[in-house]
Structure formats: C-alpha cells, structure tokens
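**Student:** Have a look at this fold, sequence not included:
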C-alpha cells in the first residue's frame, strides 16, 4: 500500500506547496463545474473559468503546452458559452411573456427540474463541418507546438535545438487526440448540444491513464470523476430533452 501511494503521490514531494494547493482548488472547481453542467446550470461557466485559469498557469509552469492550450481554449469558450446560455435563457423568458403556451411548457419543466430554462438540443448536420474543421485545426496546432517544443524549452532559441517528428512520443499523439476531442466537446457544450457528453466520456477516459503517466495524480483522479459524471449527465440531458419535447406537444 505504501509503495502504491508513493507511486501515485510521490512526485508531489518535490512540488511547491502553492502548486499542490492550486491543483487541488482547480480540481474541486472543475468537478463542481461538470456537476453544474449536468444540470444545465449556467453557473457552470463562471465556476469553470476559475478552474481553467488556474490550470493554464500550472500547465505553463509544468511545460505541458498541449494541456495548457486546452484550458486556454476552455477559458475562451466558457465566456462564449456563458453568453450563449444567457441569451437562450433570456429568449425563453421573452417567449414566456408573449406566448402563454410556452410559459405553461416552462412551468411544467420547472416542476420537473429547477434549471429547465436552458433548452438542450441534438447535434445537427450543419455542426459536422465545423467539428471537422475544429478537430483538424486543433491537431495541427498541437502538433506544431510539440514540433517546436525543443525551441520553447530552450527559452525560444533555435541554438542547439533539434527538431523532427521522430521526437514525438505516444503521449504527444494521444495529447493531440484528446485536445481535439475536448475542444469539440466544449464547443458543442457552449451550443447546448447533448452529444457533447459522448466526446467528454471518450476524452476523459483516455485522459485518466495519460495524467497518471504525467505524474499529475490529482488531475488524473479528477478525470476519473469526470468520466462517471459525463456518463450520468448524458442520460440526464437525454431525459431533459424528452421532457422539453413532451412539454412542447402538450
């Protein structure tokens, strides 16, 4: 048991106390944000912003640039999602004011769930090209970052830096994949698409062993929790969509 604990947490012996505290805070706020997202609570975005901002700082210090890019993108998309969800909520209130039938529908949803004013949707065909472009651009960008990693680690100097695809490891290729999955999922989440949870499930599950390998045990455990929450949240959003549909035809 002692050897197992040392294997999981031994690397933290060399970490500054501040970094450990910041990682734990980021993990707590990250889990809270996913739980809020599962309930379509708009607070998911301000809570998530705290987590992603901390991780951007930590990942920069740890020189995990692919992961840092993910969290920087999360920060931007959280602001976009916050605006999008707020607009949807205001549109629902406006529709309630001019449409008594719509008001009855939302009242029925409120009796079922307190956060029903956010309307969820299924993925549409017009989303596919955007997702394909986002995935391609993301993988290309992360590959470019890792290609020039020797220069970045050399204080952005080309002196003595060796470049080449042969320097890529399986971690780098896996990081490219998970980055693309996470970015697509975050975009779909901001658009209130149910299928974003499927991408979270896949990416979270891949990230668990990846972060254990990188020595970020608390972050790896966070992704274990994320995986289970995402599975539950997918069915929760499906349920919410059925309630919306039933209310619309009532």
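**Tutor:** Happy to help now that I have it. Fair warning: this is a prediction, and the values are worked out from it, not measured in the lab. Numbering: from 1, shown residues only.
**Student:** In the top helix by length along the chain, which residues have enough neighbours to count as buried?
**Tutor:** If you go by DSSP state H, the chain has its longest helix at helix 65-98. Going by neighbour count (16 or more other Cβ atoms under 10 Å), the buried part of helix 65-98 is 65-75, 77-78, 81-82, 84-85, 88-89, 92, 96. For every residue, glycine as well, the C-beta is placed using N, CA and C.
**Student:** tell me the average confidence for stretch 122-138?
**Tutor:** Here stretch 122-138 scores 93 as its mean pLDDT.
**Student:** which stretches of the protein form strands?
**Tutor:** In the chain, no strands are found when defined by DSSP state E.
**Student:** Can you read off the pLDDT for residue 96?
**Tutor:** 53.
**Student:** same question but for residue 102, I mixed them up
**Tutor:** 48.
**Student:** these two touch, right, residue 23 and residue 220?
**Tutor:** No. The pair residue 23 / residue 220 is not scored as a contact, 11.0 Å apart, by Cβ atoms under 8 Å.
**Student:** neighbours around residue 22, how many?
**Tutor:** 16 (other Cβ atoms under 10 Å).
**Student:** Give me the distance between the closest residue to it other than its chain neighbours and residue 19.
**Tutor:** Nearest non-adjacent residue to residue 22, counting by Cβ to Cβ, 6 or more residues apart in numbering: residue 54, 5.2 Å away. Separation of residue 54 from residue 19 (Cβ to Cβ, to the nearest Å) stands at 10 Å.
**Student:** if you count what's nearby, which of those two comes out ahead?
**Tutor:** residue 54 (20 against 14).
**Student:** Got the confidence number for the more buried one?
**Tutor:** pLDDT for residue 54: 91.
**Student:** Check the contact between it and residue 24; I expect there is one.
**Tutor:** No. Checked against Cβ under 8 Å, the pair residue 54 and residue 24 is beyond contact range at 9.8 Å.
**Student:** for the residue nearest to residue 150 when sequence neighbours are not counted, what are its contacts?
**Tutor:** Computed as Cβ to Cβ, 6+ apart, the closest residue to residue 150 that is not its neighbour in sequence is residue 161, at 4.1 Å. Neighbour list for residue 161: 150, 151, 154 [criterion: Cβ atoms under 8 Å, 6 or more residues apart in numbering].
**Student:** Pick the one among these closest to residue 174.
**Tutor:** Among the contacts of residue 161, residue 150 lies closest to residue 174 (Cβ to Cβ), at 19.6 Å.
**Student:** so how many other residues sit close to the closest one?
**Tutor:** As a burial measure, residue 150 scores 16 neighbours (other Cβ under 10 Å).
**Student:** likewise the one 10 residues further on?
**Tutor:** Residue 160 sits with 8 neighbouring residues when counted by other Cβ under 10 Å.
**Student:** For it, give its distance to residue 149.
**Tutor:** Counting by Cβ to Cβ, the gap from residue 160 to residue 149 is 14 Å.
**Student:** Kindly report the same for residue 89.
**Tutor:** To residue 149, residue 89 is 42 Å away according to Cβ to Cβ.
**Student:** Give me the neighbour count for the spatially closest residue to residue 47 that is not a sequence neighbour.
**Tutor:** Spatial nearest neighbour of residue 47, chain neighbours left out: residue 33 (4.5 Å); criterion: Cβ to Cβ, 6+ apart. Using other Cβ under 10 Å, residue 33 has 24 other residues around it.
**Student:** And for the one 4 residues further on?
**Tutor:** For residue 37, the neighbour count with other Cβ under 10 Å is 25.
**Student:** Now do the residue nearest to residue 47 against residue 157, distance only.
**Tutor:** 38 Å.
**Student:** can you check residue 172 too?
**Tutor:** 21 Å.
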